[in-house]
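[1] Prediction below, plus the sequence it came from.
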Amino acid sequence: KPVTIGAISNKKGQELLVKVNSYWLILKKAVDGALKAEVNSATYLAELAKIREFSIKTLKTMNAAVGVLAKESSDNVGAMITTEWIILAIALLLGGLMSWFIARKITAPLVRIVGAAQRVSEGDVSIDVEHEVNYQSKDEIGVLADTFAELVDYIQGVAEAAQRLGKGDLQVRVEPRSPE
């Protein structure tokens, strides 16, 4: 049965398979001729010589074609591996960038809250929390920022009351926020 050539993209491989097909046809004719000829006749012996010659040519050409196709396959596998490495590198780069972006999104407001908390712990209650923290969200960090803003607001109120008391204003009232 002839070898199909359509699936082979390598020109050298195609040429070799065309040769295999032509040798195969010669072999088939030689076998048919040998079967029709009388055993040990000149025609029979000539056909056997042709069968031997073209069997060797067919096998050598098929071996060369397999080598060419194996190299092409190896080259294709190499290209696929290179492509996979490139895709992996891009995926790692994108994953790293996404991780960095998410980490910044989480840590940036926490860094601002910590900075404001340090200033308050050092006695600076004049800070504008909404301006310095500047985080509007309903997630855990947003709740922390809102709670911290309320705490600073309360401390500012107590500090203002203490200043007024220090100036002699005895009408000042400090309302505790806890129920006790």
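    Received it, and whenever you're ready, just let me know what you need.
[2] what residue ranges in the protein score low on pLDDT?
    1-9, 179-180 (pLDDT under 70).
[3] mind running it again at 80?
    1-10, 72-73, 75-76, 129-136, 173-180 (pLDDT under 80).
[4] Where is the longest helix in it?
    When the chain is parsed with DSSP state H, its longest helix is helix 42-121.
[5] Give the other helices and strands that it contacts.
    With contacts defined as 3 or more C-beta pairs under 8 Å, 6 or more residues apart in numbering; DSSP states H and E, the packing partners of helix 42-121 are helix 11-36, helix 129-133, helix 140-166. Heads up, the C-betas are built off the backbone N, CA and C, glycines and all.
[6] Please identify which of those is closest to residue 53.
    Closest of the helices and strands packed on helix 42-121 to residue 53 is helix 11-36, at 8.8 Å (criterion: C-beta to C-beta).
[7] How far away from the center of its chain is the closest one?
    48 Å (C-alpha atoms, centre = their mean, to the nearest Å).
[8] right, and the helices and strands packed on helix 42-121 - which one's nearest residue 104?
    Using C-beta to C-beta, the helices and strands packed on helix 42-121 put helix 140-166 closest to residue 104, at 12.5 Å.
[9] Of all the residues in the closest one, which ones are buried?
    Neighbour-count burial for helix 140-166, counted by 16 or more other C-beta atoms under 10 Å, picks out 141, 144-146, 148-149, 152.
[10] Determine which two of those are furthest apart.
    Checking these with C-beta to C-beta, the most distant pair is 141 and 152, at 16.2 Å.
[11] just to revisit the earlier point, could you dump the buried residues of helix 140-166 into JSON lines with distance to residue 63 added?
    Formatted as JSON lines, these follow (distance: C-beta to C-beta, whole Å):
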{"residue": "141", "distance to residue 63": "70"}
{"residue": "144", "distance to residue 63": "74"}
{"residue": "145", "distance to residue 63": "76"}
{"residue": "146", "distance to residue 63": "79"}
{"residue": "148", "distance to residue 63": "79"}
{"residue": "149", "distance to residue 63": "82"}
{"residue": "152", "distance to residue 63": "85"}
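[12] Show me which of those is closest to residue 173.
    Of these, the one sitting nearest to residue 173 (C-beta to C-beta) turns out to be residue 152, at 20.0 Å.
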